[in-house]
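In: let's see this in three dimensions:
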Amino acid sequence: MLIRARAAMFKSLVDAVGGVEAARAVIEASVGHDISIASISRMQNANAEPVWAWVVALEDAAGQAPFSKMRARQLGQQKASSAVISHLDALRESSEMVLALAGAERSDDPQVLARALKETQDVADLVNHFVATLSDQCSGRVPQGAVPLKARGRA
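Out: Numbers count the residues shown, from 1 in each chain. Coordinates of the predicted model:
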């Protein structure tokens, strides 16, 4: 049942970015290699699970976040200020940065450049947070309320 829901959400993202060809272009720009239209079709038809990196790229391009919202609900709608470090946060933020930087490379528009700066700063802030948390864990200091990295995968 859940695969059908994910397929429907994936199809809505593909439609939101302009169809299969546009989705392929968005995904290829994000992941840096060619993908097949057949793979996108399999995911839309519930014959394959959507790839998370592809989902993130499509969510960013469409300005919609059905998968991210579903995941947030599954995780109990953690607050953004939570002490949890997640590789998915890193993937999402860095994907947003890459897309913004790609736009900035093609534009002199101050708004496009400002978005690239903001997304790059978000990644820098996240990385600094990761470094601080990992440093604390390596030294045996875990801030109150922080979840150790090894416990995060069990959530």
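
In: mind listing what the residue most central in space within the chain touches?
Out: For the chain, the residue nearest the mean C-alpha position is Arg92 (2.6 Å; CA atoms, centre = their mean). With contact set as CB atoms under 8 Å, 6 or more residues apart in numbering, Arg92 has these partners: 56, 68. C-beta: built from backbone N, CA, C; applies to glycine.

In: mind doing that once more with 7 Å?
Out: Applying CB atoms under 7 Å, 6 or more residues apart in numbering to Arg92 gives the contacts Val56.

In: cool, Glu49 as well?
Out: By CB under 7 Å, 6+ apart, the contact set of Glu49 is 3, 6.

In: now do the same for it: helix, strand or coil?
Out: Assigned by DSSP: H, G, I helix; E, B strand; the rest coil, the conformation of Glu49 is coil.

In: ok, it to Arg24 distance?
Out: 18 Å (CB to CB, to the nearest Å).

In: domain map for the protein?
Out: 2-74, 87-152 (automatic domain parsing).

In: for these, give me JSON lines that also has mean pLDDT.
Out: Listed next are the domains of the chain as JSON lines, based on pLDDT from 0 to 100:
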{"stretch": "domain 2-74", "mean pLDDT": "93"}
{"stretch": "domain 87-152", "mean pLDDT": "83"}
